[in-house]
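A.B. asks: Take a look and give me a structure for this.
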Amino acid sequence: VETLPAGPKWLSEQMQPEDHTKQLVCLFYCPPLECIQSILSNLILAPHISLFPGRFGHRLRESGEIPDGGTLLGVVLSSDKTNISVISGNRMAYPLLISLENINPEIHSKTLLHPYLLLALLPI
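C.D. replies: Down below sits the predicted model:
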């Protein structure tokens with residue numbers, strides 16, 4: 001286990017919602033760039049990630065907005081309400097997942113390859 005690559009670091013912040021509640025809300029999250037770096041360095045996903053910028057990226061490269069050797073990464077965010085009763089006393093939260101559009105679409109549905117990472121846990 002010690003030889004496995006470390007994933008993104010988890011951070012947390014106490015927040016006071018605009019709708020004043022009795023308790024502060026704790027937001028748990030990972031830095032987005034660390035998540036993207038982790039996805040790009042995943043040896044299992046590497047053969048399925050296209051760094052070719054595509055039609056839109058090709059136009060940006062021709063206009064000089066993407067430097068030589070650069071590429072365009074499309075970020076995909078996904079969320080769905082879930083119950084986290086085991087750790088929080090029957091509270092609800094929205095897990096926010098992050099992935100890359102550059103990953104082969106067939107791989108996105110294969111959860112065993114971990115094409116998505118948990119970016120944040122948004123309490124409700």
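
A.B. asks: Just give the number of residues close to residue 69.
C.D. replies: Residue 69 has 5 neighbours, counted by other C-beta atoms under 10 Å. C-betas here are computed from N, CA, C, even on glycine.

A.B. asks: Could you report the separation of it from residue 52?
C.D. replies: To residue 52, residue 69 is 13 Å away according to C-beta to C-beta, to the nearest Å.

A.B. asks: How about residue 40?
C.D. replies: In terms of C-beta to C-beta, residue 40 sits 14 Å off from residue 52.

A.B. asks: Those two: which has the busier surroundings?
C.D. replies: residue 40 (15 against 9).

A.B. asks: can you pull the buried residues of stretch 112-124?
C.D. replies: By neighbour count with 16 or more other C-beta atoms under 10 Å, stretch 112-124 contains the buried residues 115-123.

A.B. asks: Lowest pLDDT pick from those?
C.D. replies: Taken together, the buried residues of stretch 112-124 show their lowest pLDDT at residue 123, with 79.

A.B. asks: Which residues are in contact with that one?
C.D. replies: Contacts for residue 123 (C-beta atoms under 8 Å, 6 or more residues apart in numbering) come out as 25-27, 91-93.

A.B. asks: quick check, nearest of these to residue 61?
C.D. replies: Residue 61 lies nearest to residue 27 out of these, by C-beta to C-beta, at 36.9 Å.

A.B. asks: name the helices or strands packed onto the one helix or strand the closest one maps to?
C.D. replies: Taking DSSP states H and E as the definition, residue 27 sits inside strand 25-29. Strand 25-29 sits against strand 11-15, strand 117-123, with contacts defined as 3 or more C-beta pairs under 8 Å, 6 or more residues apart in numbering; DSSP states H and E.

A.B. asks: Model confidence for residue 91, exactly?
C.D. replies: 68.

A.B. asks: Determine the longest strand present in this structure.
C.D. replies: Longest strand in the chain, counting residues (DSSP state E): strand 92-100.

A.B. asks: Give me the helix or strand of the protein that scores worst on average pLDDT.
C.D. replies: helix 85-88 (a mean of 58; mean pLDDT, DSSP states H and E).

A.B. asks: Can you tell me the SS state at the residue located most distally from the centre of the chain?
C.D. replies: In terms of distance from the mean C-alpha position of the chain, residue 22 ranks first, at 30.6 Å (C-alpha atoms, centre = their mean). Using DSSP: H, G, I helix; E, B strand; the rest coil, the structure places residue 22 in coil.
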